[in-house]
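Undergrad: Give me a 3D structure for the following:
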Amino acid sequence: MQLRDRLKQYKKSIWKAQDNDILNYRFRGPDNIKYNCKYPLLFFLHGAGGRGSNNEDQLLDAGSLGAFSKQNIFSKHSSYILAPQVPNDKKWVDVEWNSQKHDMPKISNTMDMALKLLDEIIDTHPININRIYILGLSMGGFGVWDALQRRPNFFAAGVPYLDYLWEDLECGMHCSEGPISLLQEYRFVEVVILVKVELYLTYQFGHGMAIGTL
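TA: Numbering: from 1, shown residues only. The predicted model follows:
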């Protein structure tokens, strides 16, 4: 299947806030939805290359669309995917990317809208609230940490891939209930980086769901 054909499988939508601000997003559900069943949801935060206003690049960024297809997210794992898009010149988290210290800032407008959109999706679709996962690449990795801090115990698991902040992931990140632990709070199991080849994110969520080859 061609890339554009895969993209069309994700519903193209616009979410409007009470102040009439808007957030572009793509959304797709499992291939087969059964009556009275609930399904996992992957909340995907793209990197800086996915920013814009076309409501496409958030899934084209870093080959994400192909990775989701290769891992049979909608058939084998029967999962939803929600992928909002950050506007040009905005961020998931309003911090300097090269900072070596993190003090939790005021929530960005984009993250605020994205979390409200997520709540609305959960309320209007058969989502298993115990199986909501968050994955972010590069700039989206900052967003993962931000969301985990703002919503302790909300996500079943999360994977931030932060490039140059990788070695410092366990430092300086706090939520209302104390420091976030990679291996305890959000059940990070295994992240393997193959330098200059491909990034493999392999993580078990207790129900066998995995995403890889980004």
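Undergrad: ok, the residue lying closest to residue 127 once chain neighbours are set aside to residue 54 distance?
TA: Excluding its sequence neighbours, the residue lying closest to residue 127 (Cβ to Cβ, 6 or more residues apart in numbering) is residue 41, at 5.0 Å. All C-beta spots, glycine's among them, are computed from the backbone N, C-alpha and C. Between residue 41 and residue 54 the distance is 24 Å, computed by Cβ to Cβ, to the nearest Å.
Undergrad: Same drill for these two, tell me which one is more crowded.
TA: Applying other Cβ atoms under 10 Å to residue 41 and residue 54 shows that residue 41 carries more neighbours, namely 27 against 10.
Undergrad: So the more buried one, which state does it fall into?
TA: strand (DSSP: H, G, I helix; E, B strand; the rest coil).
Undergrad: is it in a bridge, and if so with what?
TA: Per DSSP bridges, the residues bridged to residue 41 are residue 80, residue 132.
Undergrad: My read is that it contacts residue 122, right?
TA: Yes - counting by Cβ atoms under 8 Å, residue 122 is a contact partner of residue 41 at 7.3 Å.
Undergrad: which residues do those two both contact?
TA: Here residue 41 and residue 122 have residue 132 as joint contacts, going by Cβ atoms under 8 Å, 6 or more residues apart in numbering.
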